[in-house]
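Undergrad: Fold the following.
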Amino acid sequence: MNTRRIYFAGDLFDHKDITGNLLLAREIEELSSGRYTVALPQDSEANNIRNVTEIRDRDLELLFSCDCIVANFDGTELDSGTVVEFCFAKMLDLPAVLLRTDFRRGGDNGSDPWNLMCSGYPRSSSLLISAMEQYHRLKKSTPAETVRAMCRETAQKITGELDKLFAESPVLTPQERIEAMKLAVRISGGTLWELFPEERINQLVSEKSDI
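TA: Okay, the predicted model is just below:
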C-alpha cells in the first residue's frame, strides 16, 4: 500500500486555525491506517520574521512535494493564499478536496458557496459540512469528546473523497507532469528553481506514477 501525502491548505493565523488543523490532520492519519499522511504548512513556519518570498517558497515546495491537497474554503471570503495553492495543485494535476464547514453562503449562487472560478476542475471534490449542525448532532458529555467526534467524522469524509479522486484517471501523462512542474517552478520565481532541479522533479513525478 502506497502512503499518499496531503498538503493541508488553509488559514494558520490564530489558535483556532492551528489547533484545528492539527487535530484534523491527526484524525485523518489515524483513520486512514497508513493510506494518508498530512503535511501542515504551520509545521514549517518559524516564530521569527522571515522574508515573505522565503515563506511562500517553503509552502510551495511542500505543496509540490505532496500527492494531493485538502483546501479549507471556510470564510465569507476565501483565503487568497489557499486559492493560489489550489490553483497550483490543479496545474500539477493533484487530486483536490475543497472543504467547507462554514454554513454561511457566498459566491455566485451555484452549487458551491464560493466564487464559481474555483469550481468545476477535474479530480476535484467539494465537501460541504455544516459545523453547527455537526456540533449539535455529535455533542458529547465533554468538550474533548465532542471535538474528537467532529474531527473524526470530518476526517472520514475527507479520506472517502480522496479515495474516490485517486480512483479517477490522471489528466496529465507523466511527461506532461514533468513539464507542468518545470513550468510551475519557472513562473514562481524566487528560490523555487534552486529547490527543484530537474533531477528532483523527475524523481517526484516518478514517485507519483500511480497518482
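Undergrad: Helices of the chain, start to end?
TA: Here the chain has its helices, by DSSP state H, at 15-31, 52-65, 80-91, 131-138, 143-166, 174-188, 192-195, 198-207.
Undergrad: Any stretches of the chain with poor pLDDT?
TA: For the chain, the stretches with pLDDT under 70 are 1, 46-50, 109, 209-211.
Undergrad: which residue sits closest to residue 152 in space, ignoring its chain neighbours?
TA: residue 27 (5.2 Å; C-beta to C-beta, 6 or more residues apart in numbering). Quick note: C-beta positions are derived from backbone N, CA and C, even for glycine.
Undergrad: show me the contacts for that neighbour.
TA: Neighbouring residues of residue 27 by C-beta atoms under 8 Å, 6 or more residues apart in numbering: 148, 151, 152, 154, 155.
Undergrad: one step back: between the helices of the chain, which one is nearest to residue 73?
TA: Residue 73 lies closest to helix 80-91 among these, at 7.2 Å (C-beta to C-beta).
Undergrad: Show me what that closest one is packed up against.
TA: Counting by 3 or more C-beta pairs under 8 Å, 6 or more residues apart in numbering; DSSP states H and E, the packing neighbours recorded for helix 80-91 are strand 4-9, helix 52-65, strand 68-72, strand 96-100, helix 174-188.
Undergrad: Output that helix as CSV, restricted to C-alpha atoms.
TA: Output of helix 80-91 as CSV, limited to C-alpha atoms (Å, rounded to 0.1, in the frame of the first residue of the first chain):
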residue,chain,number,x,y,z
SER,A,80,-6.3,34.2,-1.1
GLY,A,81,-3.2,32.1,-0.2
THR,A,82,-5.3,29.0,-0.1
VAL,A,83,-6.8,29.8,-3.5
VAL,A,84,-3.3,30.3,-5.0
GLU,A,85,-2.2,26.9,-3.6
PHE,A,86,-5.3,25.2,-5.1
CYS,A,87,-4.6,26.7,-8.5
PHE,A,88,-1.0,25.4,-8.4
ALA,A,89,-2.3,22.0,-7.3
LYS,A,90,-4.6,21.9,-10.4
MET,A,91,-1.8,22.9,-12.6
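Undergrad: what comes up buried for it?
TA: Residues of helix 80-91 classed as buried by neighbour count (16 or more other C-beta atoms under 10 Å): 81, 82, 83, 85, 86, 88, 89, 90.
Undergrad: swap in stretch 91-101?
TA: 92, 93, 94, 95, 96, 97, 98, 99, 100, 101.
Undergrad: Same check on stretch 113-132?
TA: Per 16+ other C-beta under 10 Å, stretch 113-132 contains these buried residues: 113, 114, 118, 121, 123, 124, 125, 126, 127, 129.
Undergrad: so which of the buried residues of helix 80-91 comes closest to residue 21?
TA: Using C-beta to C-beta, the buried residues of helix 80-91 come closest to residue 21 at residue 82, 11.8 Å.
Undergrad: want to throw the helices of the chain into CSV with distance to residue 3?
TA: What follows is the helices of the chain, written out as CSV (distance: least, C-beta to C-beta, whole Å):
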stretch, distance to residue 3
helix 15-31, 10
helix 52-65, 13
helix 80-91, 18
helix 131-138, 28
helix 143-166, 12
helix 174-188, 19
helix 192-195, 22
helix 198-207, 11
